[in-house]
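K.L.:
Any chance you could fold what I've pasted below:
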Amino acid sequence: MDEDKRLRVPVDYHIHERHSADTAPGSTVEAYVRRAEALGLEEICFTTHLIVSGPDVATGIDPSEIPEYFREIEEAQTSTSVRLRVGVEVDYFPGEEHRIEHIINEYPFDFILGALHIVEDCDLGYRYGAERFFARPMHKAIKTYFKWFRRAVESGLFDVMAHPDYFRRYLPSIGLRAPTFEEYASEALEALEAMREHHIGFEINSSGYRHGIWDCYPTLEFVKAAKKMGIENITIGSDSHSVEHLGGWLNHALETLTKAGYRRLSTYRGRRRRS
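P.N.:
Numbers count the residues shown, from 1 in each chain. As a prediction, the model looks like this:
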């Protein structure tokens, strides 16, 4: 294995630029590239939101703007030695699989990151959505979450699933104790089995440190379980929505990876895993 594929290589595979409407002002491709150079990152993958349904459609890139998105990244590549990859973070919605497939197959993306933000019309990316979702008993909420997560995996649309236990994000702020991995291990193991069967990887996302839960998504226990099951396709990402967050807390993501026994991470080009 080439040295530049080893775990120590600084990469960031979850970055939102200006085509995601929830980014901070100035979140341009060029600004991210200059920041990546300053940080010594060797490879970054832009993963602007692509949302085909639900209340947050306007937050994602309009499909008509995808050619422009490619052009901006391709032009930026001409003036930097940082390897730039073009991806999207795609929200999964049951029943929208064909529409998602049509869009992602129309363009030569390097990487497709699947995400589950909205479950049964509850947006877990907002406090009010989490409050609605967790109005039910915790064990029922977790069971529902992972049922939808498995459906996303089984769709076969994605290369990697983002932040697998994203449901944890707002639990402290709505006054609920986050369940231990042991309390939802059966659901998590079913999700991991689906990932193994469908050859889908997952991301270790460091934004939990920015969100105030002081941990990565997913937990170390989840990553250890994945390693035990033989899942080797892992990416890391900061989930940056502003340039200053690029690469943020990724040392913790790498720590989680190494503690679980991993020595390599995945990168992508042309939707082919390179690790």
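
K.L.:
any idea how far Arg177 is from the nearest residue to Val160 once chain neighbours are set aside?
P.N.:
Leaving aside its chain neighbours, Val160 sits nearest to Gly201 (4.2 Å; criterion: C-beta to C-beta, 6 or more residues apart in numbering). Just so you know, the C-beta spots here come from the backbone N, C-alpha and C atoms, and that holds for glycine as well. Remark: distance between Gly201 and Arg177 (C-beta to C-beta, to the nearest Å) = 29 Å.

K.L.:
follow-up on the earlier one: how many other residues sit next to the residue nearest to Val160?
P.N.:
22 (other C-beta atoms under 10 Å).

K.L.:
Let me know whether it touches Val153 as I believe.
P.N.:
No - using C-beta atoms under 8 Å, Gly201 is not in contact with Val153, being 10.2 Å away.

K.L.:
Overlap of the contact sets of these two?
P.N.:
Met161, Met195 (C-beta atoms under 8 Å, 6 or more residues apart in numbering).

K.L.:
If we go by neighbour counts, what in stretch 232-247 is buried?
P.N.:
Neighbour counts using 16 or more other C-beta atoms under 10 Å place 232-243, 245-247 of stretch 232-247 among the buried residues.

K.L.:
Return the member of those residues nearest to Thr47.
P.N.:
Comparing these against Thr47 with C-beta to C-beta places Gly237 closest, at 7.3 Å.

K.L.:
gap between the residue nearest in space to the middle of the chain and Thr80?
P.N.:
Note on the chain: the residue nearest the mean C-alpha position is Ala162, at 2.7 Å, using C-alpha atoms, centre = their mean. Noted for Ala162: a distance of 25 Å to Thr80, by C-beta to C-beta.

K.L.:
Ok, Tyr126 next?
P.N.:
Tyr126 sits 35 Å away from Thr80, taking C-beta to C-beta as the criterion.

K.L.:
One more: Glu193?
P.N.:
As judged by C-beta to C-beta, Glu193 and Thr80 stand 40 Å apart.

K.L.:
again, but for Ile112
P.N.:
According to C-beta to C-beta, Ile112 and Thr80 sit 23 Å apart.

K.L.:
With Gly247 instead?
P.N.:
15 Å.

K.L.:
can you check Phe93 too?
P.N.:
Distance from Phe93 to Thr80, by C-beta to C-beta: 35 Å.

K.L.:
With neighbour numbers in mind, choose between those two.
P.N.:
Using other C-beta under 10 Å, the more surrounded residue of Phe93 and Thr80 is Phe93, with 19 against 14.

K.L.:
pretty sure the more buried one is touching Pro55, no?
P.N.:
No - the criterion here is C-beta under 8 Å, and Phe93 misses it with Pro55 at 11.4 Å.

K.L.:
so what sits against both of those two?
P.N.:
Going by C-beta under 8 Å, 6+ apart, residues that sit against Phe93 and also against Pro55 are Ile118.

K.L.:
what are the phi and psi angles of Gly87?
P.N.:
Here is the backbone geometry of Gly87 (degrees, to the nearest 10): phi -140, psi -180.

K.L.:
Do you have the strands of the protein handy? List them.
P.N.:
11-15, 43-50, 83-91, 111-115, 118-119, 122-123, 160-161, 201-205, 234-237, 267-269, 272-274 (DSSP state E).

K.L.:
And the fifth one, how far out from the chain middle?
P.N.:
Spelled out, that is strand 118-119. Offset of strand 118-119 from its chain centre (C-alpha atoms, centre = their mean, to the nearest Å): 15 Å.

K.L.:
Over to the fourth one?
P.N.:
From the chain centre to the centre of strand 111-115 is a distance of 7 Å (C-alpha atoms, centre = their mean).

K.L.:
what angle do that strand and strand 43-50 make?
P.N.:
50 degrees (axes from the mean of the first three to the mean of the last three C-alpha atoms, to 10 degrees).

K.L.:
same question for strand 111-115, mean pLDDT?
P.N.:
Across strand 111-115, pLDDT averages out at 99.
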